[in-house]
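# Sequence plus the predicted model coming up.
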Amino acid sequence: MKVMVTELCEASAPRDFEFVLSMTPLELQGTDFVPVSPPHIRLRLRREGSKIEVGAAVRARMHSPCARCLADSITNLNVAVTDQWPLCGTNDETADFLASPFIEDAGRIVNLTEYGSALLVEHLPVRVLCSGNCRGLCPTCGINRNEGECTCGNSELDPRLAVLGRLLHDKGGVRDGTTEKKNI
């Protein structure tokens with residue numbers, strides 16, 4: 001969905017737009033997001049001086065794996081955003097804004113679909129969890145700890161944390177990185 005910049009700058013009343021995004025699965029920072037239903041975008045554009053005031057609402061349901069246990073998880077996104085587009089002026093701020101990825105045809109057209117897609121991606125979670133108290137997978141046997149207990153004992157210290165374990169053991173008294181106490 002596209003709209004002419006001149007239409008927005010000459011409009012005396014707010015303009016409302018509503019559309020759905022046709023999306024394919026999206027990979028973001030190693031997490032796959034698959035739309036359960038097409039994301040819904042609602043925009044209200046209103047001229048205020050040399051700027052366009054934007055009120056946006058983004059609704060989406062995305063399927064993705066939990067970051068801890070890899071179980072299927074649904075992310076419900078319901079976000080309200082306010083923004084300003086400096087489209088109707090002739091200053092440097094307007095010139096910079098016209099370089100935005102959703103401005104097309106040398107600053108004459110605003111691609112609302114691209115703007116809606118950018119809002120959706122911007123508000124997707126960086127890390128998806130199936131629940132706030134997800135216990136994840138056992139690093140030794142791989143069992144989902146939310147579904148049952150493993151018999152690994154899991155008393156081994158993660159090798160990445162071994163230095164911290166030594167510091168705790170020594171109570172911080174050794175400064176050269178070794179674990180042996182020195183008689184000075």
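Thanks, I have the structure now.
# how near is the spatially most central residue of the chain to Leu45?
Centroid-nearest residue in the chain: Leu124, 3.1 Å away (criterion: Cα atoms, centre = their mean). The gap separating Leu124 from Leu45 is 24 Å, by Cβ to Cβ, to the nearest Å. (Glycine included, C-beta is placed from N, CA and C.)
# So the residue nearest to the centre of the chain is in contact with Leu77, correct?
Yes: the pair Leu124 and Leu77 qualifies as a contact (Cβ atoms under 8 Å) at a distance of 6.9 Å.
# so what's in contact with the two at the same time?
Met62 (Cβ atoms under 8 Å, 6 or more residues apart in numbering).
# For the closest residue to Gly107 other than its chain neighbours, give me its contacts.
With Cβ to Cβ, 6 or more residues apart in numbering as the criterion, Gly107 has its nearest non-adjacent residue at 4.0 Å, and that residue is Leu98. The neighbours of Leu98, taking Cβ under 8 Å, 6+ apart as the test, are 87, 106-107.
# among these, who's most crowded?
Neighbour counts for the contacts of Leu98, by other Cβ atoms under 10 Å, peak at Leu87, which reaches 21 neighbours.
# That one sits in which helix or strand?
Here Leu87, judged by DSSP states H and E, is contained in no helix and no strand.
# Phe102 versus that one, what's the distance?
Remark: distance between Leu87 and Phe102 (Cβ to Cβ) = 11 Å.
# overlap in contacts of those two?
By Cβ under 8 Å, 6+ apart, Leu87 and Phe102 have these common neighbours: Val110.
# residue contacts, Val121?
By Cβ under 8 Å, 6+ apart, the contact set of Val121 is 26, 28.
# isn't there a helix covering it?
Yes: under DSSP: H, G, I helix; E, B strand; the rest coil, Val121 sits within a helix.
# Do you have the strands of the chain handy? List them.
All strands of the chain, identified by DSSP state E, fall at 2-4, 15-20, 26-28, 31-48, 51-65, 72-85, 103-104, 109-111.
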